[in-house]
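Visitor: need the 3D shape of this:
(one chain, ligands or ions: 2)
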Amino acid sequence: MGLPPFIIVAIDGGAASGKSSSSKILADRFNLLHVDTGSFYRHITYELLRRSVTHTDHAALLAVLPELKFSTRLHGRSAQMLIDGQPAAGEIRGRHVNDHVSHYAAIPEVRQALLAYQRGQVAVAKQHGFRGLVMEGRDIGSVIFPDAGFRFFLHADPGERVRRRESEGHNDSIAERDRLDSSRKTSPLTCPAGAIDIDTTHLTLAQVVEKMAASIAVKSD
Ligand code: CDP
Ligand code: CDP
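Guide: Ligands and ions are numbered 1, 2, ... in the order given. Have a look, this model is predicted:
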């Protein structure tokens, strides 16, 4: 008997659409490695800001990006990206990174620098005995794993998303990041053809997870 098939679950959507909360629950339920690619873009932003490489300084970006060495360590079921062997030395979910991350994420060379690393999380998951991985972001079902067995796109009304973030004590440039993420030329935020589109505005987190879990269970059990 061969190994059971490795499962890839791709979850995309705008800020506070429910990606992280739902993917962590799915990771527990189906024994998947949880990969939050937003945290990768946040860490690289933190690092570039630390090195005073602005998003408009193309020459400096081209010089620095190949120097950054990415690796992964596990934090529970989640993949944590290390740059040159280190986690981010400061806050990657604070105002400073929130205000800059979508500018760096719109640069094709920044996205290219993370491409192979993101796909390489499959090997990390296999190495650690996970049954698959659940990866969340903006371009997972469209660019990183367009052939993933399960692709979901979450959305919710902007007012509801701001309310969700505020109830977590954050106010984090949601509208501006969505505008930049949706309008960029390279890998814009969009629901890829064939993905299951879920409007989470009036759903509880549990209801969202049940919809996704039902479709995963039907095809993978
Ligand atoms: O948690 P939240 O949804 O607010 O954001 P995030 O997932 O942490 O992502 C932060 C930023 O990284 C996004 O606003 C995008 O600019 C960028 N990002 C991206 O361009 N592509 C991805 N696959 C993931 C994040
Ligand atoms: O990862 P992303 O930025 O897409 O969103 P999240 O961090 O998973 O969700 C933001 C907040 O909204 C969390 O506190 C969730 O518990 C909450 N949430 C909710 O109230 N209802 C949902 N259907 C989904 C998420």
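Visitor: who in the protein is up against ligand 1?
Guide: Proximity of the chain to ligand 1 is assessed by Cβ under 6 Å from any ligand atom, with 15-16, 19, 37-38, 41-42, 101-102, 105, 137-139, 177, 181 identified as the residues in range. In this view, the C-beta of every residue, glycine as well, is placed from N, C-alpha and C.
Visitor: which of those residues sit farthest apart?
Guide: Checking these against each other with Cβ to Cβ, the farthest-apart pair comes out as Ala16 and Asp139, at 17.9 Å.
Visitor: picking up where we left off before, emit the ChimeraX select command for whichever of the residues of the chain next to ligand 1 are buried.
Guide: Selecting only the buried entries of the residues of the chain next to ligand 1 in ChimeraX, with 16 or more other Cβ atoms under 10 Å as the criterion:
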select :15,16,19,37,38,41,42,101,102,105,137,138,139,177,181
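Visitor: spell out which parts of the protein neighbour ligand 2.
Guide: Taking Cβ under 6 Å from any ligand atom as the measure of proximity, the chain contacts ligand 2 at 13, 15-21, 164, 168, 200, 203-205, 208.
Visitor: give the buried residues for the helix or strand Ser182 falls within.
Guide: Taking DSSP states H and E as the definition, one finds Ser182 inside helix 174-183. Of all the residues in helix 174-183, those buried under the rule 16+ other Cβ under 10 Å are 174, 177-178, 180-181.
Visitor: count of neighbours near Phe30?
Guide: Look at Phe30: counted by other Cβ atoms under 10 Å, it has 20 neighbours.
Visitor: okay, it: pLDDT?
Guide: Model confidence at Phe30, given as pLDDT, is 96.
Visitor: cool, and Val35?
Guide: Val35 is assigned a pLDDT of 98 by the prediction.
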